[in-house]
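A.B. asks: coordinates only, sequence not included:
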């Protein structure tokens, strides 16, 4: 991503490459498209005649006034001016009568902000820049005014992209000038605007502001009455279709759908990335009558399974250290053993367990998993859920490793949406499997077919929760809610053993004729991150917190003197054993980190 | 406002009156208008065929499925069903074969929510309701399903409007079903949507989410680069014009503008209500050579003045107790004396000071203030600002009193916008007039013509702050900001004697080529309140806090056990002398109350 920015800053005569064109193309195209629908009046209320980026040969001869930042200056003869819309080349006047203008334009440091007026002229033949939208013209400057100088930058702007994220966050107001951040945030604004149009203008939704202390996370939330799960899913499919950027392939609806059980069994996760294969295969039956002791042990337990994934041409691409790291992941995160099995030439198994795999089992494996020479299979044995989760994680690890070796697996230009449905309503508590807790939240409605099970086998009840997954990331989740007060009370008090007094106002509201309703919350940050292809979610948020929850730009959080807390009757109360911690804010006990 | 709701609930045959029609008209018209632009697909994702409110004679014969709340039932024969879009009459089937349907529809308590299916039929001749949009038709019900029952309401819905605000807030989910709340919140959503369209789609603004802890109050905020005061004002005038509801007279631009000095001198406030007169007149010169001792004293001091307002026909409408309350306001709030002077028949002054007013002065007063018989003038003497502020307040008090007696003064259908500009940049500190504080905030830019005064007579510097006033309420305020770091530093450190270290990140940002910029924040709550004519700002907010800062619906704030605070390292620390207060949350030390 940042290589585009780098190339842009290298100078005007060097080829800027397809990717930069893509940014420019996208930005210009979306602006042009929006001007076909409505004319964006960028210059209605400011004193400029045009933006830097909009001028073309069609403006030849016009007197223009522009505002912008000095991006680059060459030998006191040329200057590149930048605004949010693009770049334009200025010709610095050389004659004596314009000495003051020349002085201003030559002395102002890079990234100073100026106003210039002048005439649009053609660039001399041979000096046009075909890669620049304004590349056929330049401005013959008549007047200039320095609006604000820029003091010496902490680093070269063209090196900005190589700087740490911490530095970018600390100087966010500089970072936000980059084309990439401009593109990301403008695209975000446009997508959200289109979502609002779809919901409010086209479908009669009402935008209600809920009090800050109610909402935990930002992002448009949606609630509807008289709707079922299919209705909400259709709404969201239409929403994404409508708001999808025009320079990308249109979204195809309806999205495919998969049950949670299938997602777990096939991909080892509740948010499958369906852009590539390497699916989990259950090979328990292959080893049903094995002599291998540890496999016997596992298979004899309830839900004991043997599972495997196939890594195509794994033997060709994976090195010893990769296998080691894979096995370490398995051991550290899942406390499980995973056994790599290499299928070499002449169907010769190369593996510690190879000697245990009988000929018959070998052929069965090859058949079941469609193995080829040079494939690697990762095999594990254990309880179903645990084994699937492990292989699901390893599946992704292997994808990373293969892509690092040049294999094309997950196309970032491909957007694979997927609904995951039929989650269980409850899960056994980790610390006490005899008790139940909500898989998502206690207000999720049970599947209508499973209502009776609530009273007999609640752990088998499916919920009406639905997750929306995009390229292996969860970008939305919601559910049909419980609208019957009795049912809600039963689930809270009897099944979950919660204190219903805390939620008495909710139960009361349900009792007064609350309609059937459901909703969904979209994870806007994550969605925009995927749409733009940004490497980090912080690249699509204007003023994000750092990974550890700090705002590096304004130095928050920070200590407050006790007198300021007094009117609120609260006090900071560090634990007795943390004097050292108290003196250094480097290790905050941030509840969210 | 609530009399409309009351009439609506009185029954179907009683005339509902022009005001209810207005609500209906407005609601329907805005919905129809929006459907002319785009078809609002209210029923795309839900299982109904239509909304209750959209059916007309044109639907005769159609089979429809509706969702709604039971608003009213008459003698087990008719039922009125309500949804957000309107009301429809249902005919409860009487024949034996439909006994189960009849049972459902007759036993469900009022405000239960049901689904019904049936056929659209004409009402028998003579039974149409011309005041009801669906009044020519009714539904012959075939099937019915109870979706959620409503337990006994704490009060009759038709009495809801007479209930205290506290009760309405506690049962907000019931209150929100009222037509008035529905109208208010839907209008709010539509206006805000249009504002977003104007800013983002038409003028290239970018919607940036700022972190929650940065923003103190809700409401779309706007910032722009390269703009001056006039530009922002034009932007806002266009914004309000564009988003103004279509059922009201269009907004006329540009708005009139008044300096702060003039607003204070003429209306006694920085947010004048220009819908009526009773302006303040300076009558110092009339009494320049008076013998009256207390007037002499005042006029001999710096900025000492004598001022008055004229209350037309005051003698006719104001009673003795009104005059007493006026004098009390003056004494309590302003520690000033105000002298009412009655001009009776034959120009006879009826007043304690009448004997002190010489003939010549009397004639001058009558001429200056264009007095008529039966007028009352309120006269006060004191320092300019104090005298103006007092009379400004009394002007509004008298307007209230006159309107209570039937005089038409301030037409609520009239929307008088006004810019107030040229505020001072600084004000002397109340507790220490030798020091300066910012009149608005320290980032406000000085008027360009007054820059030199910053270094010589800073108290005379005018700012580039602008307030937007509507019918005497402030609905927006903003300013051109300081973009020069040196100037900002000078103002903060030298003039305001603030600690610049706290704002070092801001000063640094300015130093890196921050462009000239300015902005404005609109008080959406206040604006929508004025547009809808709601009696209280809480009537245009979905889930407001009570006057004292409580959320009555969910019982917040509430105590939290110390264990829950522990991970955050904070403790509640009540003052030692407030055990009694601690035990009762009726008197919270709420910092904002």
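C.D. replies: Looks like it arrived, so ask away. As the structure is a computational prediction, the values presented were derived from the model and not from experiment.
A.B. asks: Just give the nearest non-adjacent residue to the one residue in the stretch 201-350 of chain A that gets nearest to chain B, would you?
C.D. replies: For the stretch 201-350 of chain A, the residue closest to chain B is residue A:231, as judged by Cβ to the nearest Cβ, at 3.8 Å. From N, CA and C alone the C-beta is placed, and that goes for glycine too. Nearest residue to residue A:231 in three dimensions, chain neighbours excluded: residue B:45, at 3.8 Å (Cβ to Cβ, 6 or more residues apart in numbering or on different chains).
A.B. asks: what pairs with residue A:118 across the strands?
C.D. replies: As for beta bridges, residue A:118 partners with residue A:64, residue A:141 under DSSP bridges.
A.B. asks: contacting residues for it?
C.D. replies: Neighbouring residues of residue A:118 by Cβ atoms under 8 Å, 6 or more residues apart in numbering or on different chains: A:63-64, A:90-91, A:139-143.
A.B. asks: go on, residue A:513?
C.D. replies: Contact partners of residue A:513, counting by Cβ under 8 Å, 6+ apart, are B:69, B:111-113, B:148-150.
A.B. asks: give me the subset of those touching chain A.
C.D. replies: Filtering these for proximity to chain A by Cβ under 8 Å from any Cβ of the partner chain leaves B:69, B:111-113, B:148-150.
A.B. asks: Need the contacts of residue A:513 in CSV (columns: pLDDT and secondary structure).
C.D. replies: Formatted as CSV, the contacts of residue A:513 follow (pLDDT from 0 to 100; DSSP: H, G, I helix; E, B strand; the rest coil):
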residue, pLDDT, secondary structure
B:69, 96, strand
B:111, 94, coil
B:112, 97, coil
B:113, 97, strand
B:148, 97, strand
B:149, 96, coil
B:150, 95, strand
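A.B. asks: can you pick the most crowded of the residues you listed?
C.D. replies: Counting neighbours by other Cβ atoms under 10 Å in any protein chain shown, residue B:113 leads these with 26 neighbours.
A.B. asks: ok, that residue touching residue B:177?
C.D. replies: No. Distance between residue B:113 and residue B:177: 10.4 Å, which falls outside the contact criterion (Cβ atoms under 8 Å).
A.B. asks: Which neighbours do the two have in common?
C.D. replies: What both residue B:113 and residue B:177 touch, as defined by Cβ under 8 Å, 6+ apart, is the set residue B:69.
A.B. asks: which ones are touching the most centrally placed residue in chain A?
C.D. replies: The centre of chain A sits closest to residue A:526, judged by Cα atoms, centre = their mean, with a distance of 3.0 Å. Residues in contact with residue A:526 (Cβ under 8 Å, 6+ apart) are A:473-475, A:537.
A.B. asks: go on, residue A:172?
C.D. replies: A:542-543, A:552-553.
A.B. asks: cool, residue A:458 as well?
C.D. replies: Going by Cβ under 8 Å, 6+ apart, residue A:458 touches A:425-426, A:436, A:495.
A.B. asks: ok so, going back, thinking the residue of the stretch 201-350 of chain A closest to chain B is in contact with residue B:46, fair?
C.D. replies: Yes. Between residue A:231 and residue B:46 a contact is recorded at 5.9 Å, counting by Cβ under 8 Å.
A.B. asks: Return the list of helices and strands in contact with the helix or strand harbouring residue A:506.
C.D. replies: Using DSSP states H and E, residue A:506 maps to helix A:504-511. If you count contacts as 3 or more Cβ pairs under 8 Å, 6 or more residues apart in numbering or on different chains; DSSP states H and E, helix A:504-511 packs onto helix A:485-489.
A.B. asks: Just checking the distance from the helix it packs on to the centre of its chain.
C.D. replies: Distance, stretch centre to chain centre, for helix A:485-489: 37 Å (Cα atoms, centre = their mean, to the nearest Å).
A.B. asks: and it, what does it pack onto?
C.D. replies: With contacts taken as 3+ Cβ pairs under 8 Å, 6+ apart, helix A:485-489 sits against helix A:504-511.
A.B. asks: Mind listing the residues bridging to the residue in the stretch 1-150 of chain A that chain B sits nearest to?
C.D. replies: Residue nearest to chain B within the stretch 1-150 of chain A: residue A:150 (3.4 Å; Cβ to the nearest Cβ). Taking DSSP bridges as the rule, residue A:150 bridges to residue B:512.
A.B. asks: Work out for me the element the residue of the stretch 351-500 of chain A found nearest chain B sits within.
C.D. replies: Nearest residue of the stretch 351-500 of chain A to chain B: residue A:483, at 5.4 Å (Cβ to the nearest Cβ). Per DSSP H and E: residue A:483 is located in neither a helix nor a strand.
A.B. asks: Which pLDDT value belongs to it?
C.D. replies: If you check residue A:483, the pLDDT there is 97.
A.B. asks: wait, doesn't it sit right on residue A:514?
C.D. replies: Yes. Assessed by Cβ under 8 Å, residue A:483 is found in contact with residue A:514 at 5.1 Å.
A.B. asks: Spit out the residues that contact the two alike.
C.D. replies: With Cβ under 8 Å, 6+ apart, residue A:483 and residue A:514 have common neighbours residue B:148.
A.B. asks: what does the stretch 451-593 of chain A put close to chain B?
C.D. replies: For the stretch 451-593 of chain A, the contact set with chain B under Cβ under 8 Å from any Cβ comprises A:483-484, A:505, A:509-516, A:541-543, A:545, A:551, A:553-556, A:567-575, A:589, A:591.
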